[in-house]
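1. coordinates only, no sequence provided:
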């Protein structure tokens, strides 16, 4: 533990921020993956390529102490009934969910909610572009997969997962880069064509 | 105070929910207006007209008690750096902010952040449709106004407000209806044409 000469504890600001961010989406796995996507989106915004933002985690606020600058003293995380990301690119509406799995052989669908599936179906009906970004963490591989494919599996297959071989067949491997870390819009371009 | 025969307090569930909703967006004025827009959006979703959702209020979570089902024990409301609503309609990306004012003669711009203006400019550049829904609460009038107009006032006018006469001139009065309460997509259609 580093301490100031006066004995008080030294805490870097960055550390605090990181901790908060972790807490704010404690319900999600694959925090590093989410961070990489957020950074990719920041890059897209900075370079004026697209405006894609993460929806804040919905929180059910129960109690607020207004004597202390509206401090929330009791609240609970809620599940997104939509997806994590949406935005605009070349006039198109984009909507996607980012998921990370440690499983090496398939992409499990059990933490996708029926609400999310309905939402994605609606987006497709209204001519938005809907997809998933899937990280196979143990394999260090990230795929772009159209939501249509995930919906088909979700609705018609008995087993609630998509085999890796099918993710590879129907999706696109996104190579990890520097700026942006995951250039997923490349595959949105392919889809538009 | 209504009490059960056993002496315990009678609290309706609805009351609790309402309170939570109020707390969850305590930073916003014009809660009734926001509710009316949310209901209009629900109608659009139910009738399969469009998918437009409200971004959850961003909350900066400081402390979580994991011994109690991940109860948040310390957190603060944050300002949206984007807008309150976005979604897809006929393949178009929509992005808008809903504001209510009690002032009768102009729409004040002082609670629109520079972040929001930047966000709306980006949306327009990427061919999204950006606008404001403005309620003059004392007049019981609601207007649809293109974001371009608000941005122009924000950047070029010294006084940080738009006179009501100009809101009327450049915007469209949205008559209050039943389903949806505010059929603002009518004016998005005009814009698309």
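-> Sure, I can see it. Owing to the predicted nature of the structure, the values given are computational and were not obtained by experimental measurement.
2. C-alpha only now, for contacts and for neighbours.
-> Noted.
3. would you mind measuring the gap between the ends of stretch A:140-152?
-> Terminal residues of stretch A:140-152 are spaced 25 Å apart (CA to CA, to the nearest Å).
4. how far is it from where the chain is centred?
-> Taking CA atoms, centre = their mean, to the nearest Å, the mean C-alpha location of stretch A:140-152 is offset from the chain mean by 13 Å.
5. quick one: it near chain B?
-> No. Applying CA under 8 Å from any CA of the partner chain, one finds that stretch A:140-152 is not in contact with chain B, the shortest distance being 15.8 Å.
6. quick one: contacts of that stretch?
-> Applying CA atoms under 8 Å, 6 or more residues apart in numbering or on different chains, the external contacts of stretch A:140-152 come out as A:96, A:117, A:120-121, A:130-136, A:162, A:167-168, A:170-175, A:184, A:187.
7. now intersect these with the strands, please.
-> Using DSSP state E, the members of those that fall within strands are A:96, A:130-136, A:162, A:172-173.
8. how about the residues of chain A that lie near chain B?
-> Residues of chain A found near chain B, taking CA under 8 Å from any CA as the criterion, are A:20-21, A:23-24, A:48-51, A:55-64, A:70-77, A:87-93, A:122-123, A:126-128.
9. now do the helices in chain A.
-> In chain A, helices defined by DSSP state H lie at A:13-24, A:31-46, A:114-125, A:147-156, A:164-170, A:185-192, listed in chain order.
10. give the other helices and strands that the third one contacts.
-> Right, helix A:114-125. Under the contact criterion of 3 or more CA pairs under 8 Å, 6 or more residues apart in numbering or on different chains; DSSP states H and E, the helices and strands touching helix A:114-125 comprise strand A:129-136, helix A:147-156.
11. mean neighbour count, these: which tops it?
-> Between the helices and strands packed on helix A:114-125, the one whose residues have the most neighbours on average, counting mean count of other CA atoms under 10 Å in any protein chain shown, is strand A:129-136 (a mean of 23).
12. adjacent strands (with direction) for it?
-> For strand A:129-136, the paired strands and their directions (DSSP bridges) read strand A:92-101 (parallel), strand A:141-146 (antiparallel).
13. export the ones you listed to CSV and tack on mean neighbour count?
-> Putting the strands paired with strand A:129-136 into CSV (neighbours: other CA atoms under 10 Å in any protein chain shown) gives the following:
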stretch, mean neighbour count
strand A:92-101, 23
strand A:141-146, 21
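14. any chance of TSV for these, columns mean pLDDT and distance to residue B:156?
-> As requested, those are exported to TSV (pLDDT from 0 to 100; distance: least, CA to CA, whole Å):
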stretch	mean pLDDT	distance to residue B:156
strand A:92-101	97	30
strand A:141-146	98	43
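15. let me see the mean pLDDT of stretch A:112-132.
-> Confidence over stretch A:112-132 (mean pLDDT, whole number) is 97.
16. distance from the chain centre to it, please.
-> Here the centre of mass of C-alpha atoms in stretch A:112-132, compared against the chain's by CA atoms, centre = their mean, lies 15 Å away.
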